[in-house]
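S.K.: give me the fold of what follows.
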Amino acid sequence: MPREENPLAAGNGPLVEFARDLRLLREKAGKPTYRVLSARAHYSEAALSQAAAGRKLPSLDVTLAYVRACDGDSEEWERRWREVSVALQPPEPPALDDSPYTGLAPFRVEDAAQFFGRETLVEEVLDQLTRHRVVVVVGASGTGKTSLLRAGVTPKLAGPTVVLTPGPHPLEECLIRLARLAGTPVARPTDDPRGLHHVVRRIAPEEGELVLVVDQFEEVFTLCADRTERIRFIDQLLTAATTEHSTCRVVLSVRADFYGDCVGHPALSHALREGQVTVEPMSIDELREAVVRPAALVDCRVETALVARVVADAAGQHGVLPLVSHVLMETWRRRRGTTLTLKGYEAAGGIEHAVAHTAEVAFTALSPGHRRTAQQVFLRLCALGEGTKDTKRRASRDELDQLGGDVRSVLEHLATARLLVLGEDSVEIAHEALIRSWPRLREWLSEDREGLRVHRELTDAAATWRALDKDSGALYRGVRLALAQSWAEHHDGALSQSERDFLAASVAESTRIDAAERRRVSQLRALVALLSVLLLIAVGATWYAARAAQVSAAQRNSALAQKVATQAPALRTVDPALAGQLALEAFRLDPTADTRGSLLSTVIGPRTTVLTGDEARRAVAFGQRGTLLASAGDSRTVRLWRLPSPHSPEPAAEITGKSERVESLAFTPDGARLAAAGHDGVVSLWNVENPDVPRLLAEVRAHTEAVYHAGFSPDGTALITAANDGTAALWDVRDPSTPTRVSTLTGHDGPLSWAEFDPGGRGAVTASDDGTVGLWDVTDRARPVRTARLPVHSAVVNSAVFSPDGALLLTAGFDSSARLWDLRAEGGPREVGRLAQHRDTVQAARFSPDGKTVVTTGWDYTALLWDVSAPAAPTVIGTIAGHTNTVWAADFSPDGRAVATGGNDGTVRLTDVPGRILGGHTDTVRASAVSADGRTAATGARDGAVRLWDVADPDRPRRLALPASQMAKVRSLALSRTVLAAGDVDGLVRLWDVSDPARARLLPRPIQHPGTARTLSFSPDGAVLAVGGDDDEHVIRLWSLRDASRPLAVGEVTGATDFTPALAFSPRGDLLASAMSRTVRLTDVSDPARPRLVATLQGHTDRVLALDFAPDGRHLVSAGLDRTARVWEVRDPHSPSQVSTLAGHHGAVPAVAFSPDGSRIATAAYDHTVRLWDAHDPRAPVPWATLSGHPGEVHTVAFFPDGRNLLAGGRDGVALLWRIDPDDAAAEACALAHPPVTTEQRAAYFPGVDTSAPCR
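M.R.: Purely as a prediction, here's the structure:
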């Protein structure tokens, strides 16, 4: 017999009534056992049982799963759950009444302090504004352009600023705003294009410039009906910014779907080329900042689970930012104390509820006629599910335009409300939550679902008919025609003109066929034929129904896979294990370019495993040669984890019993013992040789106040502690069961935060809140002697650690920096390097075991990895992101290959060092190359550094020494089998002998080009180097490197009229392709001394930036500022022809490459992506995957010779090593699958789909 449920608590509170009604629902369903309910609901028996226990409110997902398993009304129970959730909310705190979130309204100038997540983009706009007089900010509707300009850019402008939206009379609006700034009326300018310029000159300050910010510039095309007035405004605006003696600069923001309108104006087109900034949907890290940091402003925190949920719901979605702000404001109102919780978010309805509210307000604001049009628009933008949820559908502009009436103004209204996203040629719903949560739309979809299916099929059939040039074979016949006619008779107003034409043609064709049949056959044969037709119709209808069900299921699976593919990369930094498994499952469900790109993008970056908990983690430590990890914090519990490998943690014991939080953990060098120091002043020693059964050795009150740090001596016989009482203590722990204090270290003027022994055990350091560190001789531990007291920070010193060789001291402090001190300098310790990239207090700093790398943790929620091999010039080589609160502690594994970080968000993150990242540059990576054997790579950057890398194992790249590598800004690289060449903006081309990459040698004679060496290319045999770039004569110079120590000029390619940004040798070496303006020139260089132009390729609409030949030499690919790549057939170089165009990027394409087998093309773009194209048929390349992991513009791309790895670098100063083989990516996702995805998670992300665990 199944066990009876426990009785509910007495009373009739909302929680008890809710549980009671859940039990009644189960009774009505026949009282199935919880095992049966679990099988139906895909949640555990315990979770479902607890849902009806009445002790706490279950989550919304569990509640709805319970209800569906009992055949209840999901919508009614969702409404009830929200009511109970609100009723159970604790009263809001009396303080903090003002929400740090702005809701649906865009950010204003006065909201600048609350504007987070777009810092990089703000700096990009400001940088462009210093270099260009006109800057154009372009982005889709709802990506936050208005907030960016008003709350991000405008407050940072030093001089006077005028912000306006154009309206129907843009020039008049501009003058009104200028008059307000001047405080007096201004005269209306004449038709003279310099009229506005004269007005601005009178208003602008004598020193400095005025900035005109024109937000929502698309209104010039939508609201200004007078074309002459529109052109006059644009001309005067641009003239005011660009004419001689101009005293103003202009910033425009324009929606991406109006890009074509802007390009149509020559001056605007030039501005778009020169000073364009593209606004993409917020990245994962940017979203996290926008969620977490406003709350932190008012000393509140956001639950990690809530951050992950918001990021997953919003990442990659156009038009969703205002909705995120709105739902966070509602979550704020439901906060618990000073914490924003996932339960509060769900009680507010999540983004879906925000969407529903916005949709209803926008719809009711329309006139009755426009509401009917809006209804037709929404219905056409929904794809009906067959036993599954309805999903959104993208419709062409042409399809919606045929609805007639004022459909364009309706689309504009709905896009302004962030309900629709308007592309250049398409329209789609901004978020699928609209379909799920807006009652009015659900009602429309449920009124006549069969009729809507008939209409949708009619729409698709009409589109197919038009695409086939109105072929009669594509017309409706028989039952389908009868159904369509019957529906159309009652819904004529819903038909577009093309659908009417299609139906009319179908009727006419059917009538013609029927008449012909009647003339050809007798009455009897007609009867037989009719019976046969009826039979065929019945069979056909049956087949069609079965086929429709299959198609519907496939469409459902595709829609779910695409949705999860969008969400998975957004989860990567917060929950990498879940992200990888979801992306893999989506790819296997529907292997498309989108899901493939999601899988590849989810496993990029350092391998990371997350250990979650409920309390802040203040201490982490590796023990037992890296096979054991300990963490502790506010819960007063020490957790132990076995690590058979860094990313396969296994829970061991939990050490409990501490009276207050644990501040510090330390293992003895052999890992047999563990010391735990507490806020209560007590230090505990444990034997952890068997981590499953730790044994308490001793517990001693070490200090009268909190102990903030404890560390063992290198031989494990002594322990040093630092405490809030301002002292440090030395302990004899040779007998760990009876620790004995042997001396006390005093002399600081404030609490001590840190103390540790030096690597030899004869010295020690103490760090204090007084801003100093003390250096001590502890050779005689009973009589320690202070040898120095150094003022190292302007405020509190949080930590101080020795380098493994004892030569350096690394300190971290409240002044947002860490500092390196040379302890062996003549005259005493002195500062030699400063690590100053954190935006807030640096809490801790640690050296790697080899002393070449440092990790710093901060209150800015990040940990940074630094290359300190040159202490005077420390450089960031990686960022550990994903923590959602202060990162409190860090420790390197003994082999230096992993780092553990612990934070106030309750998580410990295990991260590989450095991972698939080539870092250390401090500016844009402009050039890269991979050697022919795939074992070596090179990167060059605007910081003037050229770096050589051992990439034989791409998972663990290693920097190689490259002598005298510093140059001016590096623009180009080329790598042959024996020589590395790098060119800079001063025309210097340095050469290195890399025949043995581990012993690279600078060659004595560089090449000097007359202008910037923009591009370099080796001939296939490495004997000739072509150098192109900027010089007055526009000459490409050919150099013989048969003796690389003595470069010899052997030829010149002349005839160009502009500079050369790209060069490429053909695989045979007899042909050189060069880019010039919008063309590509092909030159025969079989005799380098006598180059001969053979053809010029024309087709690009803007400057060409990149070139590459296919491995067989039959095709050439070019790419450039026109956002496209183009494939050319050059089998006969005298008669080349363009065979295909690769379009889809939203920014310039500065790099392109063929894979080693020619089956793929990679394009890198300023839109922050790398796209891979299937080029098996060069005449029709198709998208294969989009790699999204770069936080900024991507400038360079190169394939590895195995074709399974790709190097891409860009604006953030790093190059990433991408896995581009889906099998490799799947293996990586499964290697990080800790914990495995649960049945409940799979059911939540793939409802209605029978899937198995992606990793077994």
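
S.K.: how far away is Leu571 from Gln562?
M.R.: Distance, Leu571 to Gln562, by C-beta to C-beta, to the nearest Å: 16 Å. Yep, even glycine has a C-beta here, placed from its N, CA and C like the rest.

S.K.: and those two? Which one has more around it.
M.R.: For Leu571 versus Gln562, the count of surrounding residues by other C-beta atoms under 10 Å is larger for Leu571: 24 against 18.

S.K.: run through the residues that contact that one.
M.R.: Residues near Leu571 by C-beta atoms under 8 Å, 6 or more residues apart in numbering: Ile284, Ala308, Val311, Ala312, Leu578, Ala579, Leu582, Thr602.

S.K.: strands of the stretch 151-300 of the chain, residue ranges please.
M.R.: 161-164, 210-214, 248-255, 276-279 (DSSP state E, counting those that start in this stretch).

S.K.: point out the most buried one among those strands.
M.R.: strand 248-255 (a mean of 25; mean count of other C-beta atoms under 10 Å).

S.K.: which residues are in contact with that one?
M.R.: Under C-beta under 8 Å, 6+ apart, the answer for strand 248-255 is 125, 129, 133-141, 145-146, 148-149, 153, 200, 204, 209-218, 237-238, 240-241, 262, 271, 422.

S.K.: next, the angle strand 210-214 makes with it.
M.R.: Relative orientation of strand 248-255 and strand 210-214, computed by axes from the mean of the first three to the mean of the last three C-alpha atoms, to 10 degrees: 10 degrees.

S.K.: return the distance of strand 248-255 from the chain's centre.
M.R.: Chain-centre distance of strand 248-255: 26 Å, with C-alpha atoms, centre = their mean, to the nearest Å.

S.K.: given it, what are its sheet partners and their directions?
M.R.: strand 134-139 (parallel), strand 210-214 (parallel) (DSSP bridges).

S.K.: for the record, mean pLDDT for it?
M.R.: Predicted confidence along strand 248-255 averages 90 (mean pLDDT).

S.K.: any idea how this protein splits into domains?
M.R.: Annotated domains of the chain cover 14-88, 118-279, 350-442, 448-520, 616-834, 925-1231 [automatic domain parsing].

S.K.: now for the chain, the helix or strand with the poorest mean pLDDT.
M.R.: strand 391-392 (a mean of 66; mean pLDDT, DSSP states H and E).

S.K.: after it comes which helix or strand?
M.R.: Using DSSP states H and E, the helix or strand that directly follows strand 391-392 along the chain is strand 395-396.

S.K.: which residues are contacting that next one?
M.R.: Under the criterion C-beta under 8 Å, 6+ apart, residues Arg380, Leu381, Asp425, Ser426, Val427, Glu428 lie in contact with strand 395-396.

S.K.: Three-state assignment for the fifth one, please.
M.R.: When you say that, I think you mean Val427. strand (DSSP: H, G, I helix; E, B strand; the rest coil).

S.K.: and the pLDDT for it?
M.R.: For Val427, the predicted pLDDT is 82.

S.K.: quick one: low-confidence parts of the stretch 901-1050 of the chain?
M.R.: The stretch 901-1050 of the chain contains residues with pLDDT under 70 at 965.

S.K.: try 80
M.R.: Scanning the stretch 901-1050 of the chain for pLDDT under 80 picks out 964-966.

S.K.: nearest to Leu321, of the domains of the chain?
M.R.: Evaluated over these, closeness to Leu321 peaks at domain 118-279, with 4.8 Å, by C-beta to C-beta.

S.K.: and the closest one, how far out from the chain's middle?
M.R.: Chain-centre distance of domain 118-279: 30 Å, with C-alpha atoms, centre = their mean.

S.K.: next one: stretch 720-728
M.R.: Mean-position distance between stretch 720-728 and its chain equals 43 Å (C-alpha atoms, centre = their mean).

S.K.: need the distance between the two termini of that stretch.
M.R.: 7 Å (C-alpha to C-alpha, to the nearest Å).

S.K.: going forward, the N-terminal residue is numbered 10.
M.R.: Will do, 10 is the new start, and the previous item becomes stretch 729-737.

S.K.: which helices and strands sit right next to whichever strand or helix holds Ala639?
M.R.: If you go by DSSP H and E, Ala639 is part of strand 637-642. With contacts defined as 3 or more C-beta pairs under 8 Å, 6 or more residues apart in numbering; DSSP states H and E, strand 637-642 has these neighbours: strand 626-632, strand 647-651, strand 671-676, strand 907-912, strand 916-921.

S.K.: switch to 6 Å and redo it
M.R.: For strand 637-642, the helices and strands in contact under the criterion 3 or more C-beta pairs under 6 Å, 6 or more residues apart in numbering; DSSP states H and E are strand 626-632, strand 647-651, strand 671-676.

S.K.: name the nearest residue to the residue most central in space within the chain, sequence neighbours excluded.
M.R.: Centroid check for the chain by C-alpha atoms, centre = their mean gives Ser292 as the closest residue, at 3.6 Å. Leaving out its chain neighbours, the residue that sits closest to Ser292 by C-beta to C-beta, 6 or more residues apart in numbering is Pro1200, at 5.9 Å.

S.K.: and that neighbour, that's in a helix?
M.R.: No - Pro1200: not assigned to a helix; according to three-state DSSP it is coil.

S.K.: how many residues are close by it?
M.R.: 15.

S.K.: measure it to Thr862 for me?
M.R.: Distance from Pro1200 to Thr862, counting by C-beta to C-beta: 22 Å.

S.K.: ditto for Phe811
M.R.: 15 Å.

S.K.: got it, and Pro1190?
M.R.: Taken as C-beta to C-beta, the span from Pro1190 to Thr862 is 41 Å.

S.K.: Val146 too?
M.R.: According to C-beta to C-beta, Val146 stands 38 Å off from Thr862.

S.K.: still on that earlier bit, would JSON lines of the strands of the stretch 160-309 of the chain with distance to Val71 be doable?
M.R.: Below are the strands of the stretch 160-309 of the chain laid out as JSON lines (distance: least, C-beta to C-beta, whole Å):
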{"stretch": "strand 170-173", "distance to Val71": "48"}
{"stretch": "strand 219-223", "distance to Val71": "49"}
{"stretch": "strand 257-264", "distance to Val71": "41"}
{"stretch": "strand 285-288", "distance to Val71": "38"}
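
S.K.: pLDDT at the closest residue to Phe901 other than its chain neighbours, what is it?
M.R.: Spatial nearest neighbour of Phe901, excluding adjacent residues (C-beta to C-beta, 6+ apart): Ser857 at 4.9 Å. pLDDT, Ser857: 96.

S.K.: phi first, then psi, for Ser857.
M.R.: Main-chain dihedrals, Ser857, degrees, to the nearest 10: phi -70, psi 160.

S.K.: and it, how many neighbours?
M.R.: Using other C-beta under 10 Å, Ser857 has 21 neighbouring residues.

S.K.: name the spans of the stretch 10-159 of the chain whose pLDDT lies under the cut-off.
M.R.: Low-confidence segments of the stretch 10-159 of the chain (pLDDT under 80): 10-22, 44, 47-56, 64, 70, 91-92, 94-107, 111-117, 149-152.

S.K.: got it, and the stretch 1110-1259 of the chain?
M.R.: In the stretch 1110-1259 of the chain, residues with pLDDT under 80: 1257, 1259.

S.K.: switch the helices and strands packed on strand 637-642 over to CSV; also include distance to Ala732, mean pLDDT and mean neighbour count.
M.R.: Below are the helices and strands packed on strand 637-642 laid out as CSV (distance: least, C-beta to C-beta, whole Å; pLDDT from 0 to 100; neighbours: other C-beta atoms under 10 Å):
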stretch, distance to Ala732, mean pLDDT, mean neighbour count
strand 626-632, 15, 92, 25
strand 647-651, 19, 94, 21
strand 671-676, 10, 95, 25
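
S.K.: out of these, nearest to Glu452?
M.R.: strand 626-632 (48.9 Å).
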